[in-house]
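**Q** Sequence plus the predicted model coming up.
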Amino acid sequence: MGQDIEITDTFHTPNYNRFKKVFVKGEGVYLFDDEGKRYLDFLSGITVTILGHADPALVRAAGEQAKKLFHVSNLFYTPSQAELLRVLSGTFPWKGKVFFCNSGTEAVEAAIKLARKHFKDRGREEFKIISFDGSFHGRTYGALSATAQKKYHAGFEPMLPGFLHVEVGDRQAFKRALEEGVCAIIFEPIQGEGGVRPFDADYLRFVCEKAGERDVLVICDEIQTGIGRTGRFYSFEHYGVVPHIITLAKGIANGLPLGAMIVRDDVAASLAPGTHGSTFGGNPVSCAAAVEVIKRVTDPSFLKRVSAMGEYLQKGLHDLSARIPVISEVRGLGLMQALVLSVAGKEFVSRCLDMGLIINCTEERVLRFLPPLIVDEGHIDEAVSILQKVLSGEQR
Ligand SMILES: Cc1ncc(COP(=O)(O)O)c(C=O)c1O
């Protein structure tokens, strides 16, 4: 263990705040460290391993593809990319197309570029993008400029021109911003890195309606909330809104790198040959894994189970909050849940880890729970019991 940590700390850039733990294998909802200790994984690599670790069908799908073909350029076709397009198209809210990339940031970047290009193609001068305070859309300059949280910008300024940040809930500010030459708005239905904050449904409908009146494109960032996390395939389905562009990544291939920008047919036409691209995007191995993920998650009984487990988790958290004074709020949807504390959460995350539960903390005081979508009541009971001990100070 010491060696892996020492080598990593010596040679990796120091941009991650890592816990001193080395994980060597995973099985279902559990991870194992190099000393053989077992951990209940309620973070899923930040909502990536949605079917858990070492799922046999996923391992088979990716492994069989790896034996046949790792990579072929997007100058050609592959059966696994075609099959993924076929199964993914069953989730679209309209007739649409997909651009494949390797990460969430790249999916957002593609959406931003496409929105601007779509306007240019129609002789329109508007190019600005509205995003919302508390949002997180990624770390490259376009996605970072859309991310309306100063702490992520610090030291990297200036951000790109043409990004307007609006306070969530402020209707007048949104209407004013719309008049400034806007081609698109981007939002997460539930802000993940921003502290698991669901949008108010009325406000989100207002925003999408106003954007629609001005022919402004609506981009829904489902990178953290999509692929079944909230009990629907896309979380915007809870809100009665339909975007023009959807971004996906994280859980789409259960940990193999893959991102996707899904776009309505008429808008997709602006990505003509040569206008955008990715060397690795839609590689055969990631696509083979994603086919298995999408087939499983789109099964209505799978999504129903996610909702039921989400409610069970939320009830467990509410029961805790009735007993533990430092909990000030329980919030979330489906299997994206959080405890808002009246004190800093970092210490509790470390103590949970010592007791074999992996969670994380966002926004200083928000403990976030993103278990694999295959959790059952037993796993949730186990997590809640550890939280009870840690938060009530029984375990110091
Ligand atoms: C909503 C949202 N958008 C974009 C991203 C960026 O994704 P990636 O880290 O894969 O680039 C994230 C990552 O946390 C996210 O939560």
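**A** That came through fine. Numbers count the residues shown, from 1 in each chain.

**Q** hey, where'd the strands end up in the stretch 101-250 of the chain?
**A** In the stretch 101-250 of the chain, strands defined by DSSP state E, counting those that start in this stretch lie at 128-132, 163-166, 182-187, 190-191, 197-198, 217-221, 245-248, listed in chain order.

**Q** out of these, deepest packed?
**A** The highest mean neighbour count among the strands of the stretch 101-250 of the chain, using mean count of other CB atoms under 10 Å, belongs to strand 245-248: a mean of 29. In this view, the C-beta of every residue, glycine as well, is placed from N, C-alpha and C.

**Q** buried ones in the helix or strand harbouring residue 313?
**A** Taking DSSP states H and E as the definition, residue 313 sits inside helix 300-323. By neighbour count, and taking 16 or more other CB atoms under 10 Å as the criterion, the buried residues in helix 300-323 are 302-303, 305-307, 309-310, 312-314, 316-317, 320-321.

**Q** Please convert these to a markdown table, extending it with distance to residue 216 and pLDDT.
**A** Written out in a markdown table, the entries for the buried residues of helix 300-323 read as follows (distance: CB to CB, whole Å; pLDDT from 0 to 100):
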| residue | distance to residue 216 | pLDDT |
| --- | --- | --- |
| 302 | 34 | 98 |
| 303 | 30 | 98 |
| 305 | 37 | 98 |
| 306 | 32 | 98 |
| 307 | 32 | 98 |
| 309 | 37 | 98 |
| 310 | 32 | 98 |
| 312 | 39 | 98 |
| 313 | 36 | 98 |
| 314 | 34 | 98 |
| 316 | 41 | 98 |
| 317 | 37 | 98 |
| 320 | 42 | 98 |
| 321 | 39 | 97 |
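
**Q** Residue 257 contacts residue 102, doesn't it?
**A** Yes: with contact defined as CB atoms under 8 Å, residue 257 counts as touching residue 102 (4.4 Å).

**Q** Between those two, which has more neighbouring residues?
**A** For residue 257 versus residue 102, neighbours defined as other CB atoms under 10 Å are more numerous around residue 102 (20 against 16).

**Q** now stretch 225-237: how far from the chain's centre is it?
**A** For stretch 225-237, the distance from its own C-alpha centre to the chain's C-alpha centre is 10 Å (CA atoms, centre = their mean, to the nearest Å).

**Q** can that stretch be found next to the ligand?
**A** No: between stretch 225-237 and the ligand, judged by CB under 6 Å from any ligand atom, nothing touches; the nearest distance is 7.2 Å.

**Q** For the stretch 151-300 of the chain, which residues are neighbours of the ligand?
**A** Where proximity means CB under 6 Å from any ligand atom, the interface of the stretch 151-300 of the chain facing the ligand comprises 188, 192, 193, 221, 223, 224, 249.

**Q** Can you tell me which of these has the most neighbours?
**A** When these are compared by neighbour count (other CB under 10 Å), residue 221 ends up highest, at 31 neighbours.

**Q** Return the closest of the residues of the stretch 151-300 of the chain next to the ligand with respect to residue 14.
**A** Each of those was checked against residue 14 using CB to CB; the closest is residue 193, at 20.2 Å.

**Q** Residue 121 against residue 267, yeah?
**A** No: with contact taken as CB under 8 Å, residue 121 and residue 267 are classed as non-touching, separated by 9.8 Å.
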